[in-house]
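Asks: Need a 3D model of the following:
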Amino acid sequence: MTDRLMLLDSASLYFRAFYGVPDTVRAPDGTPVNAVRGFLDIITRLVTTYRPTHLVACWDDDWRPQWRVDLIPTYKTHRVAEVVAGGPDVEEVPDPLEVQVPVIREVLDALGIRIVGAAEHEADDVIGTLSTTATMPVDIVTGDRDLFQLVDDAREVRVVYTARGMSNLEVLTDAAVVAKYGVLPSQYADFATLRGDSSDGLPGVAGIGEKTAAGLLATHGDLAGIIAAAESGEGMSAGVRAKVLAGLPYLSVAPRVVAVVRDLDLQVPEHRLRPLDETAKADAAALAERWALGGAITRIVDALDTV
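Replies: Numbering: from 1, shown residues only. Got it, this is the predicted structure:
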């Protein structure tokens, strides 16, 4: 089997699992385990469908890094439950999901699935670094459009996009990104900067939507080219030029917020998928009983037996 690395945008997937499986699914002590079960079944489906040989669950050690907030104060503001001085702010997470995150980590560890995060950075940045430094084809699994900037046919980096559900997964290549947005993956971060994203608290350039942003990038190549054209008064209408010029203060900082980091110094443990030995299977079975995970554990253990 050809080596292939799969990178999971973990929070994106366990949020999807939480909302996709009824919260009446509970452990004997009453703890909800719907996100745990759903997340395990998502991984099982991904492993059996895409056949990765290596797998990393990428983690938000800081879901809203202060350095990004310093650049764009509105960054993810609407999702802050509590501001923490000198540390990561507390994200607004439903209580029944929050109590499951430690269980998810415990189960992944028992299955030999490595979790990798980085201080003061998001899972996106971990994914950006691991996909950039990989020496094998990469599948990035996420419901986050920001990671489209990492798609790269030449390096065999794809995004498996989950926004339409696990039964309607979309594999994004260079051509798929162009067909969807009219821009190359290498232009996607500039495209997202111009367009903005209300779900991340990024305002974008007022009056510039997806169609205009794609047209500007087609004509001028990148954000630097667009700004240069606006400042010289060439290659765009007066109305668009005025909007770009009015947005210059935002455009001076937003690209660093939108661009995922690709050069983190990460300590990544061995992450080749392997069948569990009998001791590990017994440990996994004990966790399944403790948390009432039942078939979800059985299915993922069986999937690992085939790698």
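Asks: ranges for the strands of the stretch 51-200 of the chain?
Replies: For the stretch 51-200 of the chain, strands defined by DSSP state E, counting those that start in this stretch occupy the ranges 54-58, 80-82, 90-91, 114-116, 138-142, 157-161, 170-172.
Asks: got these as JSON lines, with mean neighbour count, mean pLDDT and distance to Ala179 columns?
Replies: (Glycine included, C-beta is placed from N, CA and C.) What follows is these, written out as JSON lines (neighbours: other Cβ atoms under 10 Å; pLDDT from 0 to 100; distance: least, Cβ to Cβ, whole Å):
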{"stretch": "strand 54-58", "mean neighbour count": "25", "mean pLDDT": "98", "distance to Ala179": "27"}
{"stretch": "strand 80-82", "mean neighbour count": "12", "mean pLDDT": "79", "distance to Ala179": "36"}
{"stretch": "strand 90-91", "mean neighbour count": "16", "mean pLDDT": "80", "distance to Ala179": "33"}
{"stretch": "strand 114-116", "mean neighbour count": "19", "mean pLDDT": "97", "distance to Ala179": "32"}
{"stretch": "strand 138-142", "mean neighbour count": "25", "mean pLDDT": "98", "distance to Ala179": "18"}
{"stretch": "strand 157-161", "mean neighbour count": "23", "mean pLDDT": "98", "distance to Ala179": "13"}
{"stretch": "strand 170-172", "mean neighbour count": "15", "mean pLDDT": "98", "distance to Ala179": "10"}
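Asks: Same list, those strands, but as a markdown table with distance to Gly196 please.
Replies: As requested, those are exported to a markdown table (distance: least, Cβ to Cβ, whole Å):
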| stretch | distance to Gly196 |
| --- | --- |
| strand 54-58 | 25 |
| strand 80-82 | 19 |
| strand 90-91 | 21 |
| strand 114-116 | 30 |
| strand 138-142 | 19 |
| strand 157-161 | 20 |
| strand 170-172 | 21 |
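Asks: Out of those, flag the one nearest Ala238.
Replies: Comparing the strands of the stretch 51-200 of the chain against Ala238 with Cβ to Cβ, the closest turns out to be strand 170-172 (35.6 Å).
Asks: Adjacent strands (with direction) for the closest one?
Replies: Sheet partners assigned to strand 170-172 using DSSP bridges are listed as strand 157-161 (antiparallel).
Asks: Measure how the partner strand sits relative to strand 138-142, angle-wise.
Replies: For strand 157-161 and strand 138-142, the angle between their directions (axes from the mean of the first three to the mean of the last three Cα atoms, to 10 degrees) works out to 30 degrees.
Asks: Just the CA coordinates for strand 157-161, please, in PDB.
Replies: These are the backbone C-alpha positions of strand 157-161, laid out as PDB (Å, rounded to 0.1, in the frame of the first residue of the first chain):
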ATOM      1  CA  VAL A 157      -2.300  17.400  -1.000                       C
ATOM      2  CA  ARG A 158      -6.100  17.200  -1.100                       C
ATOM      3  CA  VAL A 159      -8.900  18.400   1.200                       C
ATOM      4  CA  VAL A 160     -11.700  16.000   2.100                       C
ATOM      5  CA  TYR A 161     -14.500  18.500   2.800                       C
END
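Asks: let's number from 644 now, not from 1
Replies: OK, 644 is where the count begins now, so the last one is strand 800-804.
Asks: what's the spacing between stretch 672-691 and its chain's center?
Replies: Relative to the centre of its chain, stretch 672-691 is centred 18 Å away, using Cα atoms, centre = their mean, to the nearest Å.
Asks: Averaged pLDDT, that stretch. What do you get?
Replies: Taken as a whole, stretch 672-691 carries a mean pLDDT of 97.
Asks: Now that stretch: buried residues?
Replies: By 16 or more other Cβ atoms under 10 Å, the buried positions in stretch 672-691 come out as 675-690.
Asks: tell me what the lengthiest helix in the chain is packed against?
Replies: Among the elements of type helix in the chain, defined by DSSP state H, the one spanning the most residues is helix 677-693. Helix 677-693 makes packing contacts with strand 648-652, helix 653-663, helix 744-753, helix 937-947 when contacts are defined by 3 or more Cβ pairs under 8 Å, 6 or more residues apart in numbering; DSSP states H and E.
Asks: quick one: low-confidence ranges for the protein?
Replies: Screening the chain residue by residue with the criterion pLDDT under 70, one finds no matching range.
Asks: go with 90
Replies: Low-confidence segments of the chain, defined by pLDDT under 90: 644, 666, 721-738, 842, 877-878, 910, 912, 937.
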